[in-house]
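Enquirer: Following is a predicted model, sequence given first.
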Amino acid sequence: MTQAWRLDGGGQTLVFASDGGIPSCIYWGATLPAADDPQAIAWASVMDVTGGMLDAHPPLSLSPEASRSFPGQPGLVLRALDGTPLLPVFRLVSHHRSDSGIAFACSDAALGLTITFTFDADARTRMLTCRTVLVSDRLVRLGWLAAPVLPAPQQAREMIDFAGRWCGEFQPVASQWSAGIRLRESRTGRSGPADFPGLILPCLGATNCHGEAFAFHYGWSGGHRMVAEELADGRRQIQFGHAVDTEIAPGTRFESAPLYVTHSTTGLNGCAVAFQRHIRDRIVAMPDPARPRPVHYNSWESVYFRHDLTVLKDIATRAARLGAERFVLDDGWFGQRDDDRTSLGDWTVDARKYPDGLAPLIEHVHAEGMSFGLWFEPEMVSPDSDLYRAHPDWTLGPDDQTLGRHQMVLDMSRAEVRDHLYAAIAAILSAHAIDYVKWDHNRVLPAPYADQARGTYALLDRLRVAFPGVEIESCASGGGRIDAGILARTHRVWLSDSNDALERLRIQHDAALFLPGSVTGSHVGPRRCHTSGRTLDMAVRAWTAAQRHMGFEMDPRELTEEEATTLRAVTQWWKDNRHWTMRADILRLDSADPAVLAEQQMAEDGSRFVVFAAKVMASAQIAPRPLRLTALDPAARYSIALRDTADPGRLSRGAPALKSGLLEASGAWLMSHGLYLPCSFPETIWVVEGQRIADPCTEAPT
Ligand code: DGJ
């Protein structure tokens with residue numbers, strides 16, 4: 001007898017069915033009418049069989065089983081202690097409903113195994129959180145445990161996952177669905193710039209603003225595996241889990257990380273907004289949510305390892321005058337750290353650079369009205385360090401391993417390593433008023449171990465309990481460790497080491513498929529970018545940073561008066577608007593001109609928006625194409641104003657309405673026709689502000 005259940009929540013419906021074994025998700029998509037009976041859907045969902053195959057389709061269940069002749073990748077790979085493969089045959093034993101979710105428990109009594117699948121729907125963020133837990137009554141070895149396995153849509157030709165590199169994170173890779181497997185696996189021991197654990201499945205015709213799409217994110221920092229498989233019978237499955245064979249020790253309980261999934265009928269933006277809201281409001285726990293995100297100053301690209309108290313004080317004073325509210329002292333303050341070959345692990349202040357400790361600098365920073373943040377790279381050790389000389393056995397990997405940035409990795413699974421790091425970091429945080437830690441991670445592991453990520457999580461959790469007021473930034477040579485697992489313990493990501501505004505625009509535009517502005521660091525870099533060699537105007541640098549959590553990272557002594565004036569003005573704009581932009585939905589616009597990269601930040605209540613339209617290169621056509629907006633009320637009217645952010649010079653000699661003042665238009669026209677922006681040079685950004693005009697009929701009488 002087939003049993004069936006439906007789960008409605010977060011603007012979507014899932015239907016599960018079971019013939020006595022592990023349930024399968026037989027429908028996932030737009031909310032179905034209440035009258036749709038899951039039993040009837042199960043009956044209607046039975047596929048035909050034909051020649052040359054089994055007499056029924058083996059279930060594409062929440063954990064497809066090899067023991068049931070499933071022709072694709074199984075959801076579980078398990079071995080006995082002696083290495084013998086275990087092939088469980090699970091039976092459904094119970095299901096349990098909560099207010100917002102459903103759970104299924106299945107067991108194989110002969111093997112003493114229970115596997116549980118949980119789903120929880122968040123109505124406000126439209127996110128489903130799914131997890132698989134395996135419990136065994138004897139020690140077993142785990143090769144692979146997929147989070148609940150879901151079907152991929154049949155109405156899709158392509159899938160989008162993510163590649164990347166240092167200074168080039170979040171590169172979407174579109175590949176065609178075809179028979180077989182698309183496999184992505186991060187075996188570097190961290191989520192990694194090359195392997196962001198996310199997947200988007202756009203259905204036919206979907207764009208940023210329109211159509212149907214599904215999206216997945218695996219919330220784990222230790223390296224993941226994704227399998228997108230099309231079977232010979234045409235069915236498609238998506239599996240996410242920890243990278244294979246990263247659970248080194250045998251155990252009796254294993255669990256997947258949370259898998260976050262969502263479905264949208266408003267294009268990729270629908271998925272993006274669900275992730276932005278869920279990460280901001282459900283994953284990240286800000287120490288003081290009411291505190292406005294402060295403008296950062298970070299010392300890295302101004303002084304690198306050359307720390308000089310007088311110079312740093314001067315820089316701090318200048319940064320404060322530009323509008324900075326938090327001063328972050330980056331790498332170089334500890335041990336004998338004059339370059340990147342030494343001292344990681346020796347977390348005591350370098351008395352050569354700071355003879356009276358950090359207090360004089362911190363006091364100066366505070367006197368300038370800023371708070372103080374400090375850089376650490378806790379999980380690493382330099383072979384040239386007192387820590388390594390005292391504990392060479394605390395490292396991971398063989399003695400003759402290839403180093404990364406001249407450093408080794410500490411074994412975070414060892415309690416004594418975590419205790420040592422806790423004591424060293426806590427000593428500094430207790431001695432000074434520090435409200436921010438930049439937590440870096442600049443090399444891959446010698447081999448991936450799930451225990452390493454769990455050890456890091458444990459250290460972070462302990463520090464957060466002891467120092468609840470301290471915000472933490474996740475950095476890994478830029479965006480090498482960005483995922484919901486680390487964001488549950490940190491409050492900001494350093495998205496990329498590229499402060500090149502043009503590159504940053506692209507990276508932050510694509511990262512917005514998952515990340516909200518409030519946690520995405522973006523800094524105004526040096527005039528001549530240190531990682532690309534490109535020279536860019538202050539306006540484009542400042543307006544790029546102003547699209548996310550804003551900061552500065554150049555040496556303020558290099559600024560001309562004109563550059564400083566522009567930066568002060570943009571920073572003031574950011575401060576004046578952060579109360580709503582840091583909670584806005586970031587909507588990627590479907591720009592008709594590939595030279596224009598545009599996004600619309602929409603206030604939560606729909607009352608206002610700002611559009612950032614960046615001209616990243618010269619257009620193919622003469623005049624700007626209209627830029628369609630999105631997510632407006634078609635019946636409402638909006639007043640639109642162009643800020644004076646790009647000087648078009650003699651390029652613009654016409655009179656588009658936006659040039660001459662306020663424009664008023666309906667949401668319908670703005671979305672179906674779009675705005676005509678004035679001509680502009682490449683490497684400039686137009687900033688357009690919009691306000692919904694109150695409807696006189698609905699205004700309260702005065
Ligand atoms: C890599 C980071 O991404 C940079 O921002 C900086 O903190 C350096 N490490 C310091 O070594």
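Expert: Everything's here; your move.

Enquirer: Wasn't Leu268 part of a helix?
Expert: Yes - assessed by DSSP: H, G, I helix; E, B strand; the rest coil, Leu268 belongs to a helix.

Enquirer: Tell me which helix or strand comes right after the helix or strand that Leu361 is a member of.
Expert: Of the helices and strands defined by DSSP states H and E, Leu361 is found in helix 359-367. Scanning forward in sequence from helix 359-367 by DSSP H and E, the next helix or strand is strand 371-376.

Enquirer: could you check the angle strand 371-376 makes with the helix holding Leu361?
Expert: In terms of direction (axes from the mean of the first three to the mean of the last three CA atoms, to 10 degrees), helix 359-367 departs from strand 371-376 by 140 degrees.

Enquirer: Mind listing residues that contact helix 359-367?
Expert: With contact meaning CB atoms under 8 Å, 6 or more residues apart in numbering, helix 359-367 is reached by 309, 312-313, 316-317, 327, 329, 354, 371-372, 432-434. Any C-beta I mention is one placed from the backbone N, CA and C, and that applies to glycine too.

Enquirer: CA atoms only: put that helix into PDB for me.
Expert: Only the C-alpha atoms of helix 359-367 are listed here, as PDB (Å, rounded to 0.1, in the frame of the first residue of the first chain):
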ATOM      1  CA  ALA A 359      46.800  49.600  23.700                       C
ATOM      2  CA  PRO A 360      48.300  52.800  22.300                       C
ATOM      3  CA  LEU A 361      46.900  52.100  18.800                       C
ATOM      4  CA  ILE A 362      43.500  50.800  20.100                       C
ATOM      5  CA  GLU A 363      43.200  53.900  22.300                       C
ATOM      6  CA  HIS A 364      43.900  56.200  19.400                       C
ATOM      7  CA  VAL A 365      41.400  54.300  17.200                       C
ATOM      8  CA  HIS A 366      38.800  54.600  20.000                       C
ATOM      9  CA  ALA A 367      39.600  58.300  20.400                       C
END
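
Enquirer: Measure how far it is from the centre of its chain, please.
Expert: 33 Å (CA atoms, centre = their mean, to the nearest Å).

Enquirer: Buried residues in that helix, which are they?
Expert: Leu361, Ile362, His364, Val365 (16 or more other CB atoms under 10 Å).

Enquirer: Tell me the buried residues in the helix or strand hosting Tyr27?
Expert: Here Tyr27 sits within strand 24-30, counting by DSSP H and E. Using 16+ other CB under 10 Å as the test for burial, strand 24-30 gives Ser24, Cys25, Ile26, Tyr27, Trp28, Gly29.

Enquirer: just stretch 245-264 next, same as before
Expert: Neighbour-count burial for stretch 245-264, counted by 16+ other CB under 10 Å, picks out 245-247, 254, 256-264.

Enquirer: cool, stretch 3-13 as well?
Expert: For stretch 3-13, by 16+ other CB under 10 Å, it's Ala4, Trp5, Arg6, Leu7, Asp8, Gly9, Gly10, Gly11, Gln12, Thr13.

Enquirer: residues in contact with that stretch?
Expert: Here stretch 3-13 has contacts from 14-18, 23, 26-32, 36, 38-39, 41-42, 92, 95, 100-102, 119, 121-123, 125-128, 262-263, 274, using CB under 8 Å, 6+ apart.

Enquirer: repeat that with 6 Å
Expert: The contact list for stretch 3-13 (CB atoms under 6 Å, 6 or more residues apart in numbering) reads 14-18, 31-32, 38-39, 42, 100, 102, 119, 121-123, 126-128, 263.

Enquirer: ok, now stretch 590-597?
Expert: Contact with stretch 590-597 is made by 207-209, 505, 509, 598, 613-617, 619, 625, as judged by CB under 6 Å, 6+ apart.

Enquirer: so who does the residue in the chain that the ligand sits nearest to touch?
Expert: The ligand sits closest to Asp331 of the chain, with a gap of 3.5 Å, by CB to the nearest ligand atom. Applying CB under 6 Å, 6+ apart to Asp331 gives the contacts Trp375.

Enquirer: in a helix, that's where Arg318 is, yeah?
Expert: Yes - residue state for Arg318 (three-state DSSP) corresponds to a helix.

Enquirer: confidence score at it?
Expert: Looking at Arg318, its pLDDT is 98.

Enquirer: and if you look at Thr702?
Expert: Listed pLDDT for Thr702 reads 47.

Enquirer: For the stretch 201-350 of the chain, which segments count as helices?
Expert: Remark: helices assigned in the stretch 201-350 of the chain by DSSP state H, counting those that start in this stretch are 267-278, 300-303, 309-322.

Enquirer: can you list contacts of the longest one?
Expert: Just to be clear, that refers to helix 309-322. Residues outside helix 309-322 that contact it (CB under 6 Å, 6+ apart): Tyr297, Phe327, Leu361, His364, Val365, Glu368, Gly369, Met370, Pro556, Leu567, Arg568.

Enquirer: So for stretch 347-355, mean pLDDT?
Expert: Mean per-residue pLDDT for stretch 347-355: 98.

Enquirer: buried ones in that stretch?
Expert: Trp347, Val349, Asp350, Lys353, Tyr354.

Enquirer: Please apply the same query to stretch 390-397.
Expert: So stretch 390-397, judged by 16+ other CB under 10 Å, has buried residues His391, Trp394, Thr395, Leu396.

Enquirer: so who does the second one touch?
Expert: Listed by CB under 6 Å, 6+ apart, the contact set of Trp394 reads Leu410, Asp411, Val417.

Enquirer: Check what pLDDT Asp695 gets.
Expert: So Asp695 comes in at 77 (pLDDT).

Enquirer: and it, how far is that from Leu651?
Expert: 38 Å (CB to CB, to the nearest Å).

Enquirer: what does Cys209 give?
Expert: Distance of Cys209 to Leu651, given as CB to CB: 28 Å.

Enquirer: If you count surrounding residues, which of these two has more?
Expert: Cys209 (20 against 12; other CB atoms under 10 Å).

Enquirer: Also compute the angle for the longest strand along the chain relative to helix 267-278, please.
Expert: Ordering each strand of the chain by length in residues (DSSP state E) puts strand 127-145 first. Per the same axes, to 10 degrees, the angle that strand 127-145 makes with helix 267-278 is 90 degrees.

Enquirer: For strand 127-145, buried residues please.
Expert: 127-136, 140-142, 144-145.

Enquirer: packing partners for it?
Expert: For strand 127-145, the packing partners by 3 or more CB pairs under 6 Å, 6 or more residues apart in numbering; DSSP states H and E come out as strand 76-79, strand 113-122, strand 251-255, strand 259-264.

Enquirer: Turn those strands into TSV, including distance to Phe681.
Expert: Putting the helices and strands packed on strand 127-145 into TSV (distance: least, CB to CB, whole Å) gives the following:
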stretch	distance to Phe681
strand 76-79	56
strand 113-122	44
strand 251-255	53
strand 259-264	35
